[in-house]
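1. generate a structure from the sequence data that follows.
(2 chains)
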Number of protein chains: 2
Amino acid sequence: MKDLPQGYMVGTAAAGFKKVGRDDLGVILSDRPATCAALFTKNKFKAAPVLICQETLALGGPVRCIMANSGLANACTGDEGIANCRETRALMGEALHIYDEQILPLSTGVIGAQFAMQAWRAAMPQVQASMGSKGAEDFVRAFMTTDAFPKFLSQEVQLSGGTVRLTGMAKGAGMICPNMATMLAVVLTDAEVEATAWQDMFQRAVAQTFNRVSVDGDTSTNDTIVGLANGAAGVAARAQSDVILLQQALTSVLEKLSYMLVQDGEGATKVMHISVLGAKNDKDAENVARTVGHSQLVKTAMYGRDANWGRIIAAVGRSNAEFKADDVRVSLCGVELFAHGQPLAGNFDEQLQKPLEQRDIYVEIVLGQGEGSYTLRASDLSHDYVSLNADYRS
Amino acid sequence: MKDLPQGYMVGTAAAGFKKVGRDDLGVILSDRPATCAALFTKNKFKAAPVLICQETLALGGPVRCIMANSGLANACTGDEGIANCRETRALMGEALHIYDEQILPLSTGVIGAQFAMQAWRAAMPQVQASMGSKGAEDFVRAFMTTDAFPKFLSQEVQLSGGTVRLTGMAKGAGMICPNMATMLAVVLTDAEVEATAWQDMFQRAVAQTFNRVSVDGDTSTNDTIVGLANGAAGVAARAQSDVILLQQALTSVLEKLSYMLVQDGEGATKVMHISVLGAKNDKDAENVARTVGHSQLVKTAMYGRDANWGRIIAAVGRSNAEFKADDVRVSLCGVELFAHGQPLAGNFDEQLQKPLEQRDIYVEIVLGQGEGSYTLRASDLSHDYVSLNADYRS
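-> From the prediction side, this is the model:
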């Protein structure tokens, strides 16, 4: 398929895990062993597929396949959940003629329910039959849950030895916060990359992108991001200049995916870009950004297109960062509103009416303490968020 | 008035600070100097009235009067806000023939706007004329903002020397979290209490009550709780047994007021009682309770009457508390759902359908680590919360 890097193919199945008639199982197969990088949720309750992925990667072998299902998270499912996860992997290995240990499982959906194994078994012929006829978008659609649109993109990179391709695919859209989102993401490349370098690139890119977005402050049990590099393009990222180019492309792909996650946060109508500058250190800056970005009052004000900067100030004031109240300056969409402990003069409601209609809302908070900075992207809080989450299981 | 302790009277005025035709200024006057206890917001941006109260109480003199306005918070208003606050106090002192330093100002409402001083001046004759003809409910109605119902209650206590009365009055209903709520509360008693003992009683009672409720995790710039003890009943709480009785009554009054705050949290339909037991220490227990109580996903599930305990587990798992995932047990409304890392058997949706229709929802989380415990009361997150806060200023 033209939207995938060389050497990868996708298959899907409508297994009926939760809803009938939609694809809920997606499979990516590399035609050769691939180097794998991965990062997982820091939640102490790790889902069965997260534990199995970690166990598998600890073996150090190459990966051939990623399989992802929606409908059930296989989280908080105990020993039975682990056993089921192994069995689904064995079924897939048999169907695709590869070793179980070359398959990484990802799951998303309701927590605490067990897989219907019969549905998995019944889906294998569909997977086999569709292998190679599907693309990145199909894979994404199979693991979407409350996502409003599929999130994927491809990018080409010119390395010294030739062109390689990166394809990123992700799903949101709730339980999105620090230490990655409720969020599954896969990046494929046909570049050849050394394992340690690939993992390093991932960690750097995720720290700059996925770990700086927030929809609702909740971190899931299943968060997983996996990257495969199969070398099928015959081009290696080995020279430092090539590693840097690939790093930049990877960060750019994850940046775009993470932006889409916030844009498509459950019920979201806004992407707030909350920049904190002049903090004592980066940790303080992050603390302020997260306090503002998680404030229900700030989020609802932005949803209401309301230049109610007092709520931003109140959130800054209850953060644990060090600063003097009189040193703080706050701007909204480029308009400075507050400095020296008081509002600046101006008809801000009128000035900000148009900017607050835009999707991207820029909040800048200067603390006047030092050189620390941090930018968080966070969604607003809308009626639809409540509807989606009050009725999720029904 | 029969609902006030002896020696206190109330007056109100419709000053038109924000809306016309409703009382928005309430005044309590004690006929003699009263001992004062007070606690204030820990937000670094403290509103002008908070700063003035703190400055006044630092002088150590007795208090005669509490004046509270709604409509404007006089927060983030700089030097002009401080000067305005002093001037409103001078106006009140003149109207009631008392010293400025005997008056404590409280404000609530929009942040960042300056008082209309002419409205204050024009309101003084109304205050004077109504003094003594109003009661606790009138005072509460004057400082209500988005509250759905007035929060006040009276309680009698038999001390060794006779009967004394406590009257508690409070307003919510958003920006309610740790370190008190956006929340103004006043407690009056006609007991005679020594100043240090009275402040100690307050701190203990607030730590057990107001500091353990949460509506939306936001802490306001104006939070204030003030207690006056004027001794008008001619009964002293001096013996240790009397101090204990008064402490119990005060804690009981604040307990009931803080429950009402959560019950009437903006848009709230539920009061979640989140008890964490068996934590390594109380701090860990509090951390878990707050992570669960602030989780948008848990709050929306409760609003949706959805026994989606997986979201509780996910919140516990992302808290910073120390525990082993397999030791955790979770109950909802008395039904144990999760233990040993997996769901227990049972048709919980059916079993919990009725309990989840009730207003009070009991969440119990046992960590299996030690003796630490904490209980937080938190509201749910509803469509009405979003409506109230997206449209608050318009």
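
2. and the residue lying closest to A:Ile111 once chain neighbours are set aside, what does it touch?
-> Take A:Ile111 and drop its neighbours on the chain: the residue closest to it by CB to CB, 6 or more residues apart in numbering or on different chains is B:Gly310, 2.5 Å away. C-beta: built from backbone N, CA, C; applies to glycine. If you count contacts by CB atoms under 8 Å, 6 or more residues apart in numbering or on different chains, B:Gly310 has them with A:Ala73, A:Ala75, A:Cys76, A:Val110, A:Ile111, A:Gly112, A:Thr221.

3. now the two most distant members of these.
-> Using CB to CB, the two most remote members of those are A:Val110 and A:Thr221, lying 11.2 Å apart.

4. mind listing the shared neighbours of those two?
-> A:Ala73, B:Gly310.

5. and those two? which has more neighbours close in?
-> A:Thr221 (30 against 18; other CB atoms under 10 Å in any protein chain shown).

6. sorry, back to before: can I get the contacts of B:Gly310 in JSON lines with secondary structure and pLDDT?
-> Below are the contacts of B:Gly310 laid out as JSON lines (DSSP: H, G, I helix; E, B strand; the rest coil; pLDDT from 0 to 100):
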{"residue": "A:Ala73", "secondary structure": "coil", "pLDDT": "88"}
{"residue": "A:Ala75", "secondary structure": "coil", "pLDDT": "88"}
{"residue": "A:Cys76", "secondary structure": "coil", "pLDDT": "85"}
{"residue": "A:Val110", "secondary structure": "strand", "pLDDT": "80"}
{"residue": "A:Ile111", "secondary structure": "coil", "pLDDT": "80"}
{"residue": "A:Gly112", "secondary structure": "coil", "pLDDT": "82"}
{"residue": "A:Thr221", "secondary structure": "coil", "pLDDT": "70"}
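
7. neighbours around A:Glu350, how many?
-> Neighbours around A:Glu350, by other CB under 10 Å: 9.

8. let me see the mean pLDDT of the strand or helix carrying it.
-> Taking DSSP states H and E as the criterion, A:Glu350 maps to helix A:348-353. Helix A:348-353 carries an average pLDDT of 89.

9. strand partners of the strand ranked longest in chain A, parallel vs antiparallel please.
-> Ranked by residue count, the top strand of chain A under DSSP state E comes out as strand A:25-40. The pairing partners recorded for strand A:25-40 under DSSP bridges are strand A:8-13 (antiparallel), strand A:63-69 (antiparallel), strand A:224-229 (antiparallel).

10. between those strands, which has the poorest mean confidence score?
-> Minimum mean pLDDT among the strands paired with strand A:25-40: strand A:224-229, a mean of 90.

11. tell me the helix or strand right after it.
-> strand A:235-236.

12. outside of that next one, which residues touch it?
-> Contacts for strand A:235-236 (CB under 8 Å, 6+ apart): A:Leu159, A:Gly161, A:Gly162, A:Thr163, A:Val164, A:Asp190, A:Ala191, A:Glu192, A:Val193, A:Asp242.

13. closest to chain B among the residues you listed?
-> Taking CB to the nearest CB as the measure, A:Val193 is the one of the contacts of strand A:235-236 closest to chain B, at 31.3 Å.

14. contacts only, for that closest one.
-> A:Thr35, A:Met201, A:Ala229, A:Gly231, A:Ala236, A:Ala237, A:Val243, A:Leu246 are the contacts of A:Val193 under CB under 8 Å, 6+ apart.

15. partner residues bridging the third one?
-> Assessed by DSSP bridges, A:Ala229 has beta-bridge partners A:Thr35, A:Thr189.

16. how about the helices in the stretch 201-350 of chain A?
-> In the stretch 201-350 of chain A, the helices defined using DSSP state H, counting those that start in this stretch lie at A:240-263, A:282-294, A:296-303, A:309-318, A:348-353.

17. between those helices, which gets nearest to A:Asn389?
-> Closest of these to A:Asn389 is helix A:296-303, at 13.2 Å (criterion: CB to CB).

18. now do the closest one, average pLDDT.
-> Mean predicted confidence for helix A:296-303 is 89.

19. just stretch A:184-195 next, same as before
-> Per-residue pLDDT values across stretch A:184-195 average out to 92.

20. could you dump it to PDB, C-alpha only?
-> Only the C-alpha atoms of stretch A:184-195 are listed here, as PDB (Å, rounded to 0.1, in the frame of the first residue of the first chain):
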ATOM      1  CA  LEU A 184      -2.000   3.500  21.300                       C
ATOM      2  CA  ALA A 185       0.400   4.600  18.700                       C
ATOM      3  CA  VAL A 186       2.500   2.800  16.100                       C
ATOM      4  CA  VAL A 187       5.300   4.200  13.900                       C
ATOM      5  CA  LEU A 188       6.700   2.200  11.100                       C
ATOM      6  CA  THR A 189       9.800   3.000   9.100                       C
ATOM      7  CA  ASP A 190      11.700   1.100   6.400                       C
ATOM      8  CA  ALA A 191      14.900   2.700   7.400                       C
ATOM      9  CA  GLU A 192      17.500   0.500   9.100                       C
ATOM     10  CA  VAL A 193      18.300   1.700  12.600                       C
ATOM     11  CA  GLU A 194      20.300   0.200  15.400                       C
ATOM     12  CA  ALA A 195      18.100  -0.900  18.300                       C
END
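
21. just how off-centre is that stretch within its chain?
-> Counting by CA atoms, centre = their mean, to the nearest Å, stretch A:184-195 is centred 16 Å from the centre of its parent chain.

22. what are the buried residues along that stretch?
-> Residues A:Leu184, A:Ala185, A:Val186, A:Val187, A:Leu188, A:Thr189, A:Asp190, A:Ala191, A:Glu192, A:Val193 are the ones in stretch A:184-195 that count as buried (16 or more other CB atoms under 10 Å in any protein chain shown).

23. from these, which two are the most distant?
-> Longest span within the buried residues of stretch A:184-195, CB to CB: A:Leu184 and A:Glu192, 25.0 Å.

24. that older thread, from the contacts of strand A:235-236, pick the one nearest A:Gln208.
-> Of the contacts of strand A:235-236, the one sitting nearest to A:Gln208 (CB to CB) turns out to be A:Val193, at 18.4 Å.

25. quick check: the residue nearest to A:Pro150 when sequence neighbours are not counted vs A:Val206, distance?
-> Once flanking residues are discounted, A:Pro150 sits nearest to A:Val140: 4.2 Å by CB to CB, 6+ apart. From A:Val140 across to A:Val206, the span is 19 Å (CB to CB, to the nearest Å).

26. coming back round to it: now render the strands paired with strand A:25-40 as JSON lines, adding distance to A:Gly334 and mean neighbour count.
-> Listed next are the strands paired with strand A:25-40 as JSON lines, based on distance: least, CB to CB, whole Å; neighbours: other CB atoms under 10 Å in any protein chain shown:
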{"stretch": "strand A:8-13", "distance to A:Gly334": "43", "mean neighbour count": "24"}
{"stretch": "strand A:63-69", "distance to A:Gly334": "40", "mean neighbour count": "26"}
{"stretch": "strand A:224-229", "distance to A:Gly334": "33", "mean neighbour count": "27"}
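
27. I'd like those strands as JSON lines, with distance to A:Val363 appended.
-> Formatted as JSON lines, the strands paired with strand A:25-40 follow (distance: least, CB to CB, whole Å):
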{"stretch": "strand A:8-13", "distance to A:Val363": "39"}
{"stretch": "strand A:63-69", "distance to A:Val363": "34"}
{"stretch": "strand A:224-229", "distance to A:Val363": "27"}
